[in-house]
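Undergrad: Here's my sequence, what's the structure:
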Amino acid sequence: MQPLADITVVAVEQAVAGPFATRHLADLGARVIKVERPGAGDFARHYDGAVKGMSSHFVWLNRSKESITLDVKTAEGKQVLGQLLDRADVLVSNLGPGAMGRLGFASDTVRRTHPHMITCEISGYGASGPYQDRKAYDLLVQAESGLLSITGGGTGTDAVPAKVGISVADIAAGMYAYSGILTALLKRHATGEGSTVEVSLLEALGEWMGYPAYYARYGGVQPQRVGTHHATIAPYGDVESGDGGSVFLAVQNEREWERFCDVVLGQPELAKDSRFRTNALRVDHRDALIELIESVFRGSTTPEVIERLMEADLAYAEVNDVIDFVRHPQLAARDRWREVDSPVGRLSALVPPADIEDVEPTMSAIPDVGEHTDKILLNLGYRSEDIERFRREGVI
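TA: Numbering: from 1, shown residues only. Next up is the predicted model:
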């Protein structure tokens, strides 16, 4: 039996943050009923057509769910949504600011009539404060959170920020929604009472901005943009070798620094150099340090550099592109891929990263738009003629 096999989730969701949270609940066996707009459905279905005509975002976020199309602005649509909630344990939403309230399904309203319910609202900036009504998307929150001030490279007028290449604010919010819902389920098991879970993209990403925030607030200075290097540890980042390749290395403490100087650089005396004796000094003299390291590496190929790093038992990484990652031998060796069904055929999907003893994650089909509408409505007691009328009137 899956851990959440007796849990039903109604997801009035779109894009990334909400679907990311509910897909993880589905991975643990929850029944997730995804409410989509009649016709087009979740707009993330149309971000791209890279996966045999389907959106890569949608494929990633929506396996193992049931899809019902429902115009929740109509009286009949609201009635159906209410009936779904009568049989549900969790309501997840990440619509625009105040949208669920305008529909009559704000958390406090739902909780009054469904005290056992766990409601989770995901917003851009939270349900109060001067930004509560502001629309938010991932890149905008990356900007507001200060994340873009520490990405990229350069300083002053030469500074070049870089968007994080994945939806990091949405993912952070989705993960905190997921963990918050699991916590609320544990609380309900102990007390019998539901809970309201609120997550904002800004505060979720703000948690991930922890160390630069402390560094800036108490150090009094903005962390530097250092490209692919670490702002407060050196050497930590990419270094070029003699064959045009590069290696990412990480030296975390003084013992490792001494081994690096001795075994990798062949210059044990460098460990005591007044510019590099401590990590703080190495950060202050980063440019000179990297130039010195690369002057040694220029005489070696990338495999030779890696061999010396392995001999010194130091951390390193090779620079993969995304195709390299998909084909990564470690993922293959650990059997991290499964096949899932979809409207366009069988697709490969990564196994969820948390391995739980005696639990095989649910990895079933990615739904087509409204694929389960008729089945769900019939289970609610609607007749075939009711369903056909709803379809003619645009309710479903």
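Undergrad: care to break the protein down by domain?
TA: Here the domain parsing of the chain from automatic domain parsing is 8-208+337-392, 236-318.
Undergrad: Most tightly packed of those?
TA: Burial of these is given as mean neighbour count (mean count of other CB atoms under 10 Å); domain 8-208+337-392 ranks first at a mean of 18. (Each C-beta comes from the backbone N, C-alpha and C, glycine too.)
Undergrad: what's the pLDDT at K163?
TA: pLDDT, K163: 95.
Undergrad: oh, I was asking about D27
TA: At D27, pLDDT is 98.
Undergrad: Contacts only, for it.
TA: 64, 352, 361-363 (CB atoms under 8 Å, 6 or more residues apart in numbering).
Undergrad: Could you rerun that using 7 Å?
TA: Counting by CB atoms under 7 Å, 6 or more residues apart in numbering, D27 touches 64, 352, 361-362.
Undergrad: Surely E144 is in contact with L202?
TA: Yes: the pair formed by E144 and L202 meets the contact definition of CB atoms under 7 Å, at 6.0 Å.
Undergrad: The host helix or strand of R308: what's the following helix or strand?
TA: Using DSSP states H and E, R308 maps to helix 302-311. Next helix or strand after helix 302-311 toward the C-terminus (DSSP H and E): strand 315-317.
Undergrad: partners of that following strand in the sheet?
TA: In the sheet, strand 315-317 lines up against strand 246-250 (antiparallel) (DSSP bridges).
Undergrad: Give me the contacts around the next helix-or-strand element following the strand it pairs with.
TA: Next along the chain after strand 246-250, taking DSSP H and E as the criterion, comes helix 254-259. Helix 254-259 is contacted from outside by 251, 271, 312, 314, using CB under 7 Å, 6+ apart.
Undergrad: Equivalent analysis for stretch 238-253, please.
TA: By CB under 7 Å, 6+ apart, stretch 238-253 touches 228, 233, 235-237, 257, 260, 290, 293-294, 297-302, 305-306, 309, 314-319.
Undergrad: if we can go back for a sec, from the contact counts, what lies against the helix holding R308?
TA: The contact analysis (3 or more CB pairs under 7 Å, 6 or more residues apart in numbering; DSSP states H and E) places helix 302-311 against strand 246-250.
Undergrad: Tell me how far the strand it packs on lies from the chain's centre.
TA: Here strand 246-250 is found 25 Å from its chain centre; the criterion is CA atoms, centre = their mean, to the nearest Å.
Undergrad: what about the residue nearest the centre of the chain, which helix or strand?
TA: Geometric centre of the chain, nearest residue: I171, 2.4 Å, by CA atoms, centre = their mean. Applying DSSP H and E as the criterion places I171 in helix 168-191.
Undergrad: what does A204 give?
TA: Per DSSP H and E: helix 201-208 holds A204.
Undergrad: how big is the angle separating the helix or strand following that helix from helix 201-208?
TA: Using DSSP H and E, the helix or strand that follows helix 201-208 towards the C-terminus is helix 210-219. With axes from the mean of the first three to the mean of the last three CA atoms, to 10 degrees as the basis, helix 210-219 and helix 201-208 are set at 80 degrees to each other.
Undergrad: now the helix holding I171 against helix 201-208, angle please.
TA: Going by the same axes, to 10 degrees, helix 168-191 is angled at 90 degrees with respect to helix 201-208.
Undergrad: residues making contact with helix 168-191?
TA: Contacts for helix 168-191 (CB under 7 Å, 6+ apart): 7, 15-17, 20-21, 24-25, 90, 92, 116, 118, 120, 122, 138, 141-142, 194-195, 197, 199-201, 204-205, 208.
Undergrad: those strands in the stretch 251-396 of the chain, which residues are they?
TA: Assigned by DSSP state E, counting those that start in this stretch, the stretch 251-396 of the chain shows strands spanning 315-317, 337-340, 347-350.
Undergrad: Nearest to V32, out of those?
TA: strand 337-340 (14.5 Å; CB to CB).
Undergrad: what mean pLDDT would you report for that closest one?
TA: Per-region confidence: strand 337-340 scores 97 on mean pLDDT.
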